[in-house]
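> From the sequence below, what's the structure:
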Amino acid sequence: MNTTPSAPLAPIEDEFGRRIAARLARGSQELPHDISERLRAARVQALARRKVVRQPAAVMVSSGSTAAIGGGWWTRIGSVVPLVALVAGLMAISVMQDDIRTNEIAEVDSALLTDDLPPAAYTDPGFAQFLKSESATEH
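So this is what the prediction gives:
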């Protein structure tokens, strides 16, 4: 019943299972014979299908091998390189987005400053209405 390798919970789970089994056994004495036989057959089938917990096999590692020692450093370097590449890529994207946004703002500023209208005209509600009426008459 215990499929996890947690040892401290095993006795608690076993005790709970025993209590449930005892309660079911007491209640099954009051059932008719044909129902109790079907329950017994179902229990036998369930026990036949239950999962068997397998212990992992022990693995022997040779500590005298130079490949095992060198593999540790290569593994560490191999796990750090993608992280460094990710951080560098994120920083590059951030710098590029800042440059693009700065260029967009500079274009808007230069268009406002080199235009024939003063910048205050764009904030005037009457001018906004004038632009809307001009665009409506063109269509």
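> Low-confidence ranges, the protein, go.
Judged against pLDDT under 70, the low-scoring parts of the chain cover residues 1-9, 51-55, 57-71, 138-139.
> could you pull out the strands for it?
Using DSSP state E, the chain contains no strands.
> Show me which helix runs longest in it.
As far as residue count goes, and with DSSP state H defining each element, the longest helix of the chain is helix 66-114.
> So the chain: which segments form each domain?
Taking automatic domain parsing as the criterion, the chain consists of the domains 10-49, 80-138.
> want to throw the ones you listed into a markdown table with mean neighbour count and distance to G72?
Bear in mind the C-beta positions are built from the backbone N, C-alpha and C, glycine included. Rendered in a markdown table, the data for the domains of the chain read as follows (neighbours: other C-beta atoms under 10 Å; distance: least, C-beta to C-beta, whole Å):
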| stretch | mean neighbour count | distance to G72 |
| --- | --- | --- |
| domain 10-49 | 10 | 35 |
| domain 80-138 | 10 | 13 |
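> closest one to W73 among those domains?
Distance to W73, taken as C-beta to C-beta, is lowest for domain 80-138 among the domains of the chain, at 10.8 Å.
> Work out the gap between that closest one and the centre of the chain.
Per C-alpha atoms, centre = their mean, to the nearest Å, the displacement of domain 80-138 from the mean C-alpha position of its chain is 36 Å.
> what do you get for stretch 32-49?
For stretch 32-49, the distance from its own C-alpha centre to the chain's C-alpha centre is 43 Å (C-alpha atoms, centre = their mean).
> can you list contacts of that stretch?
When contacts are taken as C-beta atoms under 8 Å, 6 or more residues apart in numbering, the neighbours of stretch 32-49 outside the stretch itself are S28, L31.
> possible to save the domains of the chain as CSV with distance to W74?
As requested, those are arranged in CSV below (distance: least, C-beta to C-beta, whole Å):
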stretch, distance to W74
domain 10-49, 40
domain 80-138, 10
